[in-house]
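> sequence first, then the predicted structure, then my questions.
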Amino acid sequence: MKPLWEKLQSLQCHFTWQFEKEGQVNAAHILKMLALQAEHTPHRNHATFIAMKAYLQHLQGDYREALGSLREAEEVLKRDHLANFSRQALVTYGNYAWVYYHLANFDMVELYLGRIRETCRSLASSETYSVLTPEIHAQKGWSLLAVGFRNREEAQECFRMALQGDESNEEFNAGLATSVYACWTHSFRYDLCKEAQRLLEEVVLSQPQNYEAKAYLVNVLLTTSTGWRANSLMEDVVQNSLNPEVLRNVARLKKPNSFPKQIPRAISILKQAVALDPGYHLLHYDLGQCYKNEMERASPEKREEMLAAATESFQQAVETDPPFIFPRLELAKLYREKSPAYEEEMYLTLMEGLPGVSKRCQQAIYLHWGDFLLHKKGLKHQALEMYQAGFGIVDGHINEKRQLKARLVDLAKMFQEDSEMHQAESIYHIVGFPYAQRSGCKFSK
């Protein structure tokens, strides 16, 4: 007979799908996103997100709350999938078994293992406690995307496998379209762009109320066409979607950094989203970014108004999510003119809490603190230490990585100008250009 631990490891559920990567799973943040997805999903996959909620609650040590979520997921499955409940419930039952294992309630572990065993037997599975049905492939695919688009390729494979068993399933086709879109946003390959557009067009045609898919299609169309249809779809989403995350994504497509005239429209959309969910921290953060962009281009008399609005929005972001690092970094920069000491104090406080934040947040803190040391204190060597520390973080975020690399290249040029050639060559070597300073290569941020 297999040991209990081995039986649990063979289950298909959130506890065995290896979401937990150090510095990458922010349970509190993903729980907020899951709540939005469970409320607004256009598919009958609510239970997937609720069962995943239980897994994240376990990461936080909230086992009683996790059991409550699993009971909720079970009820939703009975409502949405009564005809094939046993197949749909396999992942939820697997999560039940794991939670009860952590609670050392082994009788209940065996109860749920028994239910899983019976279903696997009825489906003629070669494995006692595991079977890969289209439903399970899809549940895993949605769960991977819920953690973040970094899991895009594995999610894409899950939905392709699901469609092999049920090629006309609208939910599975929407999942494939989303995962292919996610792959395109990280590579911008032409073939992926065209495939994402084709798949999203099919989803939008068959699911006119799928505003998430419409928002993704808008982004693709803005890249591939003149934009008239993209604007029409965008307005459809803005007028009809009640999902604040979808509205947030559409507001970001207004590209305020590139097209300043679009900032007022982005602000209007974000305010609409805030009215739907005032507690959603990312809405306030994005709103603050819009006001900050307006401030940088505003006339002197308008600048103070935009500064106050940006400050208020970033403060709201912190209040709705106190661990959120990025609005704190923005507040530090906004306060620098009136209170330089506050900016330094903020960075020192963030540096003290560095070990407890995600890798991307660590990169951002090193980046901003390095900028402060270099430009406000004139401390090149100390700034170099910060940039190097951030650049050297493994499995961080590509955006911060690029910015840190650009800072290091600029700093190397400063060392060259000061005739510190050994230090400059050392930096070029770190960023992958050991002889750049000799060959006259130029770098762009």
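Cool, the structure landed.

> so Y96 sits right up against E110, yeah?
No - between Y96 and E110 there is no contact under Cβ atoms under 8 Å: 11.4 Å. Heads up, the C-betas are built off the backbone N, CA and C, glycines and all.

> the two - which one has more neighbours?
Using other Cβ atoms under 10 Å, the more surrounded residue of Y96 and E110 is Y96, with 27 against 15.

> which one is the more buried one nearest to, not counting chain neighbours?
Y112 (4.5 Å; Cβ to Cβ, 6 or more residues apart in numbering).

> which residues does that neighbour contact?
Contact analysis of Y112 by Cβ atoms under 8 Å, 6 or more residues apart in numbering lists 93-94, 96-97, 100.

> swap in 6 Å and give it another go.
Y112 sits next to 93, 96-97 when contact means Cβ atoms under 6 Å, 6 or more residues apart in numbering.

> same thing with V99?
Contacts for V99 (Cβ under 6 Å, 6+ apart) come out as 63, 66-67.

> pLDDT wise, what is it at?
V99 is assigned 98 on the pLDDT scale.

> now do the one 10 residues further on
In this prediction, V109 carries a pLDDT score of 97.

> next helix or strand past the host helix or strand of the residue nearest to Y96?
Taking DSSP states H and E as the definition, Y112 sits inside helix 106-122. Going down the chain from helix 106-122, the next helix or strand is helix 134-147, by DSSP H and E.

> can you list the residues that contact the helix or strand following that next one?
Per DSSP H and E, the first helix or strand lying C-terminal to helix 134-147 is helix 152-165. Outside helix 152-165, the residues within contact range by Cβ under 6 Å, 6+ apart are 134, 137-138, 140-141, 144-145, 172, 175-176, 179-180, 182-183.

> I'd like the average pLDDT over helix 152-165.
pLDDT averaged over helix 152-165 gives 96.

> just the CA atoms of stretch 274-284, as PDB, please.
Coordinates of each C-alpha in stretch 274-284 appear next as PDB, following Å, rounded to 0.1, in the frame of the first residue of the first chain:
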ATOM      1  CA  VAL A 274     -12.900  52.800  -8.800                       C
ATOM      2  CA  ALA A 275     -16.600  53.400  -8.400                       C
ATOM      3  CA  LEU A 276     -17.200  49.700  -9.000                       C
ATOM      4  CA  ASP A 277     -14.500  48.600  -6.500                       C
ATOM      5  CA  PRO A 278     -13.000  51.300  -4.300                       C
ATOM      6  CA  GLY A 279     -10.900  48.800  -2.400                       C
ATOM      7  CA  TYR A 280      -9.000  47.600  -5.400                       C
ATOM      8  CA  HIS A 281      -5.500  49.000  -4.900                       C
ATOM      9  CA  LEU A 282      -4.200  48.800  -8.500                       C
ATOM     10  CA  LEU A 283      -6.900  51.100  -9.700                       C
ATOM     11  CA  HIS A 284      -5.700  53.900  -7.300                       C
END
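
> other residues contacting that stretch?
244, 248, 270, 273, 313, 316-317, 320-321, 324.

> could you check how far the residue nearest the centre of the chain is from F19?
Geometric centre of the chain, nearest residue: G148, 4.2 Å, by Cα atoms, centre = their mean. Between G148 and F19 the distance is 10 Å, computed by Cβ to Cβ, to the nearest Å.

> just L59 next, same as before
9 Å.

> looking at these two, which has the bigger crowd around it?
Taking other Cβ under 10 Å, L59 and F19 do not tie; F19 has more neighbours (21 against 16).

> residues near C290, how many?
With other Cβ under 10 Å as criterion, C290 counts 28.

> for L221, same thing?
Residues near L221, counting by other Cβ under 10 Å: 22.

> so it makes contact with A230?
Yes - using Cβ atoms under 6 Å, L221 is in contact with A230, at 3.8 Å.

> what's the first helix or strand after the helix or strand hosting L287?
Per DSSP H and E: L287 is located in helix 281-297. Following helix 281-297 in sequence order, the next helix or strand is helix 300-320 (DSSP H and E).

> could you dump that next one to PDB, C-alpha only?
Provided in PDB are the C-alpha atoms of helix 300-320 (Å, rounded to 0.1, in the frame of the first residue of the first chain):
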ATOM      1  CA  PRO A 300       2.600  75.800 -13.400                       C
ATOM      2  CA  GLU A 301      -0.800  76.700 -12.100                       C
ATOM      3  CA  LYS A 302      -2.200  73.300 -13.000                       C
ATOM      4  CA  ARG A 303       0.800  71.400 -11.700                       C
ATOM      5  CA  GLU A 304      -0.100  71.700  -8.000                       C
ATOM      6  CA  GLU A 305      -3.600  70.300  -8.700                       C
ATOM      7  CA  MET A 306      -2.200  67.300 -10.500                       C
ATOM      8  CA  LEU A 307       0.500  66.800  -7.800                       C
ATOM      9  CA  ALA A 308      -2.200  66.700  -5.100                       C
ATOM     10  CA  ALA A 309      -4.400  64.300  -7.100                       C
ATOM     11  CA  ALA A 310      -1.400  62.000  -7.700                       C
ATOM     12  CA  THR A 311      -0.400  62.000  -4.100                       C
ATOM     13  CA  GLU A 312      -4.000  61.300  -2.900                       C
ATOM     14  CA  SER A 313      -4.300  58.300  -5.400                       C
ATOM     15  CA  PHE A 314      -1.000  56.800  -4.300                       C
ATOM     16  CA  GLN A 315      -2.000  57.200  -0.700                       C
ATOM     17  CA  GLN A 316      -5.200  55.400  -1.400                       C
ATOM     18  CA  ALA A 317      -3.300  52.600  -3.000                       C
ATOM     19  CA  VAL A 318      -1.200  52.200   0.100                       C
ATOM     20  CA  GLU A 319      -4.300  52.400   2.400                       C
ATOM     21  CA  THR A 320      -6.100  49.700   0.400                       C
END
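
> hmm, who's touching that helix?
Residues contacting helix 300-320 (Cβ under 6 Å, 6+ apart): 279, 281, 284-285, 287-288, 291-292, 294-295, 298, 324, 327, 330-331, 334.

> by pLDDT, give me the weakest of those.
Among those, A298 carries the weakest pLDDT, at 87.

> which residue, other than its chain neighbours, is closest to it?
A298's closest residue in space is M306 (Cβ to Cβ, 6+ apart), at 5.2 Å.
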